[in-house]
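J.: What would the 3D arrangement of this be:
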Amino acid sequence: MSIEILSAAFKVENLTPTKKLILIVLANYADENGTCYPSYKHIAKIVGLKDHKGIQKTIKYFEELGLLKIETRFKPEGGQTSNRYHLNNILNLHPSPHRVETPPPTVLTPPNTKDKTKDNNKQSYDDDFNTFWKLYPRKVGKYNAYRCWLKAVKDLSPDDLVVATKNFAQSVQQTEEKYIPHAQTWLNGKRYLDVKKSVKNTKNNLAG
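T.: You can find the predicted model right below:
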């Protein structure tokens, strides 16, 4: 059954109650392609008419009005069978509310974490951090590392952080990468302070 065609059939005006009912019966049988093929006898039974000739005349009248098209059908052995009715025209003459073109509804979609990450990765980084990132021996999670970098520069100047990073990178040259902490972890744990102390102690020992 096509809801659109049935809805349009109800909107057709200037028909007698019987004719209106016949049109609605046809629309009720219409498939998604707008076609149906109930027999005159079957329609007459539903409408409550004893003589199906009135059904035939009414359907012919619908064709003259442009509400439908009649397709004559034949059996394989040559005899005629019930007609096929094409009711798509009724949609053009009496469009149903379902066919009114309206702007598509705005669909609220949940935020896409992956897209957000991509946007974050596109942000610009300051020169000091870029220098740090080039020196750091394991480059994973640049955006998160940058957030940690902004906190770290409150403890240590960017120049000192870069020096500490360079010294750390040299100290792990022989270390397998998977054992080197991510930059985020290294910065969050303030391990740069350990490197700075180590470097300071080395200088003091050399001076002594």
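
J.: all strands of this protein, in order?
T.: 35-36, 69-74, 80-86 (DSSP state E).

J.: any chance of those in a markdown table, plus mean neighbour count?
T.: C-beta coordinates here come from the backbone N, C-alpha and C atoms, glycine included. Putting those into a markdown table (neighbours: other C-beta atoms under 10 Å) gives the following:
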| stretch | mean neighbour count |
| --- | --- |
| strand 35-36 | 20 |
| strand 69-74 | 12 |
| strand 80-86 | 15 |
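
J.: I'd like to know which of these lies nearest to Gln184.
T.: strand 35-36 (65.3 Å; C-beta to C-beta).

J.: Least confident secondary structure element in the protein?
T.: Least confident helix or strand, the chain: helix 113-121 with a mean of 52, by mean pLDDT, DSSP states H and E.

J.: Which one, of the strands of the chain, ends up nearest to Gly141?
T.: strand 35-36 (61.1 Å).

J.: Just give me how far the closest one sits from the chain centre.
T.: 34 Å (C-alpha atoms, centre = their mean, to the nearest Å).

J.: Could you shift the numbering so residue one becomes 52, and keep it that way?
T.: From this message on, residue numbering opens at 52, which makes the last subject strand 86-87.

J.: which stretch among the strands of the chain comes nearest Thr69?
T.: Shortest distance between Thr69 and these, using C-beta to C-beta, is found for strand 131-137: 17.3 Å.

J.: Need the residues that contact the closest one.
T.: Identification of contacts with strand 131-137 by C-beta atoms under 8 Å, 6 or more residues apart in numbering yields 77, 81, 85-91, 110, 119-126.

J.: Restricting to C-alpha, output that strand in PDB.
T.: Presented in PDB, the C-alpha positions along strand 131-137 are these (Å, rounded to 0.1, in the frame of the first residue of the first chain):
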ATOM      1  CA  GLN A 131      -8.300 -11.000 -20.800                       C
ATOM      2  CA  THR A 132      -7.700 -10.600 -17.100                       C
ATOM      3  CA  SER A 133      -8.200  -7.700 -14.700                       C
ATOM      4  CA  ASN A 134      -6.800  -4.300 -15.700                       C
ATOM      5  CA  ARG A 135      -3.700  -2.800 -14.100                       C
ATOM      6  CA  TYR A 136      -4.300   0.800 -12.900                       C
ATOM      7  CA  HIS A 137      -1.500   3.300 -12.600                       C
END
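
J.: Rounded mean pLDDT for that strand, please.
T.: Across strand 131-137, the average pLDDT comes to 90.

J.: That strand vs strand 120-125, what angle?
T.: On the basis of axes from the mean of the first three to the mean of the last three C-alpha atoms, to 10 degrees, strand 131-137 is oriented at 150 degrees to strand 120-125.

J.: how far does stretch 230-246 stretch from start to finish?
T.: Terminal residues of stretch 230-246 lie 17 Å apart, using C-alpha to C-alpha, to the nearest Å.

J.: what is the mean pLDDT for it?
T.: What stretch 230-246 shows for mean pLDDT is 87.

J.: contact partners of that stretch?
T.: Contacts for stretch 230-246 (C-beta under 8 Å, 6+ apart): 183-184, 187-193, 195-196, 198-200, 202-203, 206-207, 212, 215-216, 218-219, 222-223.
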